[in-house]
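Undergrad: here is my input; please provide its structure:
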Amino acid sequence: MSDFGITAFGAYVPRMRLDREAIAAAHKWMAPSLRSLAKGARAFCNWDEDTATMAVEAARDALAGSDHASLQALGFATTRPPYADLQPSAIVAGALGLPRTIRTFDGALGQRAGTSGLLAALKAGEQALFVASDAPRGKPASTQEMTYGAGAAAFVLGSENVAARLVGTGNVAANFASHFRPDGADFEYHWEERWVRDEGYAKLVPPAVDAALAQAGLTIADIAHFAMPSPIRAIAAAAAKQLRFTGEMVDGLEDGCGYAGCAHALLMLARALETAQPGERILVVSFGQGVDALVFEVTDAIAAARPARGVAGSLARGIVTDAYLRMLSFQQGIELEWGMRAEKNAKTALTEQYRSGSQIDTFTAGECGSCGTIQFPQLQYCVNCHAPGSGFSDVPLVDAPAKVMTQTSDWLSYYPSPPLLGGFVQFDNGARLQMEMVDAGPEGLELGMPLEMVFRIKEQDRMRGYNRYFWKASPRLDENKD
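TA: Presented below is the predicted three-dimensional model:
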């Protein structure tokens, strides 16, 4: 049995959740049948989130407390990359402060990108981090708009303290076009659900599962947890019945998340690992122009591998809204009149962005070697004693405890999700910084409230289509408190 596998894992689901009742109500004049899908809430990205920022947050959950220096590779999978030609994995690696020598690779172009990428990383046998992050979009008034969501899952792979081993795989490649999205299009075109169910899932999943079980030397009776996502309702239950599976069906995350594209199978794997016991086996099936079937066996190291937040913690952090137009606006599905303040030029100086990347990407301050003052950004001289910056030592602020020192709500400045919340953040290590604050929820912010740092889009250059990323402050929730 291989001594290589999953050593840690993490997840992230955006805090913004839209009540599906609001979607159905908005379209009841022309699509009253959507009312049948109006149960629970679905996740959607805030205006300053995308698949790269979600990947960073999932990876932070997985890497908490571990040594990044041993990682040799970083893999990233999505069907919704921020750019058509700019590597998201490089953005993620920079934000995480991974070694400059790390090998990065990106995958896309299908719903199996997550499982196929994880499988490739496992077979490569390198100390690696693999992240799948996705935020598929559904056309307004479609069933996809009701069922889709967003999220990311991250897995650390290695040979020490392995918590879950891959013991069997089965694959089927088939040009079965259940749906497709033309190049440059915002939305997919979907074929009839009954055809996809009867000719796709029902005929392609069983041979892949049989092959995976045969390679593992197991039968379906040896599987304790079955995870198979699908944007089509009841598909997983039908597949389980066809396979004669009688164990536990992994939560499909319909409520609180929604179908998260190529990341969803790995989100479900992470959810299963949060509760699985040593010796149990997990079957993960991913469908899309074929099938990936992966069988994992959980080890005694699983307890130490579980993250502080994970899928369960992410689902518990939701901020539910009934503002359907908010989601449309964040997804560029509606053009609003923001006034002249929104016309400013947001061009990013790429030269300075690169030169300052060691500070900005990883949010690293400097501590003066003479007087101990911590400052961000690091300047040529200390702001307190004027000692030269050559004597500074690096002080990461990403995970440093902090709290609200002052705060204000700005309704005058242009901001894609008004009001703009900002103020001074006081770090326990003495650093003090004026920052943007996000995800405050309806209860707002209070002086002294604990904060955590989150990686987000700082500003969008809408003229050139470029995002500038940085860190923002967010209320620190229970699972991250000291």
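Undergrad: only C-alpha atoms from now on, for both contacts and neighbour counts.
TA: OK.
Undergrad: measure residue 291 to residue 148 for me?
TA: Plainly put, residue 291 is 20 Å away from residue 148 if you go by C-alpha to C-alpha, to the nearest Å.
Undergrad: please say which of these two ends up with more neighbours.
TA: Each of residue 291 and residue 148 has its neighbours counted (other C-alpha atoms under 10 Å); residue 291 has more, 26 against 21.
Undergrad: now residue 185: how far from residue 137?
TA: In terms of C-alpha to C-alpha, residue 185 sits 11 Å off from residue 137.
Undergrad: my bad, should have said residue 34
TA: Computed as C-alpha to C-alpha, the residue 34 to residue 137 distance reads 16 Å.
Undergrad: if we can go back for a sec, more crowded one of residue 185 and residue 137?
TA: Shown here are residue 185 and residue 137; by other C-alpha under 10 Å, residue 137 has more neighbours (22 against 9).
Undergrad: setting aside sequence neighbours, what's the nearest residue to the more buried one?
TA: Spatial nearest neighbour of residue 137, chain neighbours left out: residue 187 (6.2 Å); criterion: C-alpha to C-alpha, 6 or more residues apart in numbering.
Undergrad: and the residue nearest to residue 403 when sequence neighbours are not counted, how many neighbours?
TA: Distance criterion C-alpha to C-alpha, 6+ apart; nearest residue to residue 403, sequence neighbours excluded, is residue 450 at 4.3 Å. As a burial measure, residue 450 scores 21 neighbours (other C-alpha under 10 Å).
Undergrad: which strands and helices lie in contact with the helix or strand containing residue 62?
TA: Element membership of residue 62, judged by DSSP states H and E, is helix 51-63. Applying 3 or more C-alpha pairs under 8 Å, 6 or more residues apart in numbering; DSSP states H and E, we find helix 51-63 packed against strand 5-12, helix 88-96, strand 128-134, strand 151-158, strand 450-461.
Undergrad: tell me the buried residues in the helix or strand just after it?
TA: Going down the chain from helix 51-63, the next helix or strand is strand 73-77, by DSSP H and E. For strand 73-77, burial by neighbour count (16 or more other C-alpha atoms under 10 Å) applies to 73, 74, 75, 76, 77.
Undergrad: by how many degrees do strand 73-77 and strand 151-158 diverge?
TA: Per axes from the mean of the first three to the mean of the last three C-alpha atoms, to 10 degrees, the angle that strand 73-77 makes with strand 151-158 is 150 degrees.
Undergrad: and residue 13, how many residues sit next to it?
TA: 32.
Undergrad: leaving out chain neighbours, which residue sits closest to it?
TA: residue 151 (4.4 Å).
Undergrad: which residues sit in contact with the spatially most central residue of the chain?
TA: When C-alpha atoms, centre = their mean is applied to the chain, the residue found nearest the centroid is residue 152 (2.6 Å). Residues near residue 152 by C-alpha atoms under 8 Å, 6 or more residues apart in numbering: 11-13, 51, 54-55, 58, 131-134, 260, 263-264, 267.
Undergrad: any idea what it is bridged to?
TA: Per DSSP bridges, the residues bridged to residue 152 are residue 12, residue 133.
Undergrad: start to end distance for stretch 189-197?
TA: Across stretch 189-197, first to last residue, C-alpha to C-alpha, it's 16 Å.
Undergrad: quick one: average confidence on it?
TA: Mean pLDDT, computed over stretch 189-197, is 91.
Undergrad: same question, stretch 445-462
TA: Mean predicted lDDT for stretch 445-462 stands at 93.
Undergrad: list the buried ones in that stretch?
TA: By neighbour count on 16+ other C-alpha under 10 Å, the buried set for stretch 445-462 is 445, 450, 451, 452, 453, 454, 455, 456, 457, 459, 460.
Undergrad: go on, stretch 227-237?
TA: 227, 228, 229, 230, 231, 235, 236.
Undergrad: for the last one, which residues are in contact?
TA: When the contact criterion is C-alpha under 8 Å, 6+ apart, the partners of residue 236 are 227, 228, 229, 230.
Undergrad: take these and lay them out in JSON lines including pLDDT, distance to residue 282 and secondary structure.
TA: Formatted as JSON lines, the contacts of residue 236 follow (pLDDT from 0 to 100; distance: C-alpha to C-alpha, whole Å; DSSP: H, G, I helix; E, B strand; the rest coil):
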{"residue": "227", "pLDDT": "97", "distance to residue 282": "8", "secondary structure": "strand"}
{"residue": "228", "pLDDT": "96", "distance to residue 282": "11", "secondary structure": "coil"}
{"residue": "229", "pLDDT": "95", "distance to residue 282": "14", "secondary structure": "coil"}
{"residue": "230", "pLDDT": "91", "distance to residue 282": "17", "secondary structure": "coil"}
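Undergrad: just name the closest of these to residue 113, please.
TA: Among the contacts of residue 236, residue 229 lies closest to residue 113 (C-alpha to C-alpha), at 13.5 Å.
Undergrad: was I right about residue 361 contacting residue 92?
TA: No: if you go by C-alpha atoms under 8 Å, residue 361 and residue 92 don't touch, sitting 9.2 Å apart.
Undergrad: coming back round to it: which of the buried residues of stretch 445-462 sit farthest apart?
TA: Between any two of these (C-alpha to C-alpha), the greatest distance is 27.8 Å, for 450 and 460.
Undergrad: where does residue 121 fall, phi/psi-wise?
TA: phi -70, psi -40 (degrees, to the nearest 10).
Undergrad: per-domain residue ranges of this structure.
TA: 5-330, 355-363+398-480 (automatic domain parsing).
Undergrad: distance from the longest one to the middle of the chain?
TA: Which is domain 5-330. Mean C-alpha position of domain 5-330 versus that of the full chain (C-alpha atoms, centre = their mean, to the nearest Å) differs by 9 Å.
Undergrad: ends of that domain, what's the gap?
TA: Length of domain 5-330, first residue to last, C-alpha to C-alpha: 37 Å.
Undergrad: also stretch 433-448?
TA: With C-alpha to C-alpha as the measure, stretch 433-448 spans 14 Å from end to end.
Undergrad: number the residues from 41 up from this point.
TA: Happy to do that; since the first residue is 41 now, the last one works out to stretch 473-488.
Undergrad: in that stretch, what counts as buried?
TA: Under the neighbour-count criterion of 16+ other C-alpha under 10 Å, stretch 473-488 has 475, 476, 477, 478, 479, 485 buried.
Undergrad: show me which of these has the smallest pLDDT value.
TA: residue 485 (91).
Undergrad: what about it, distance to residue 477?
TA: For residue 485, the distance to residue 477 - C-alpha to C-alpha - is 9 Å.
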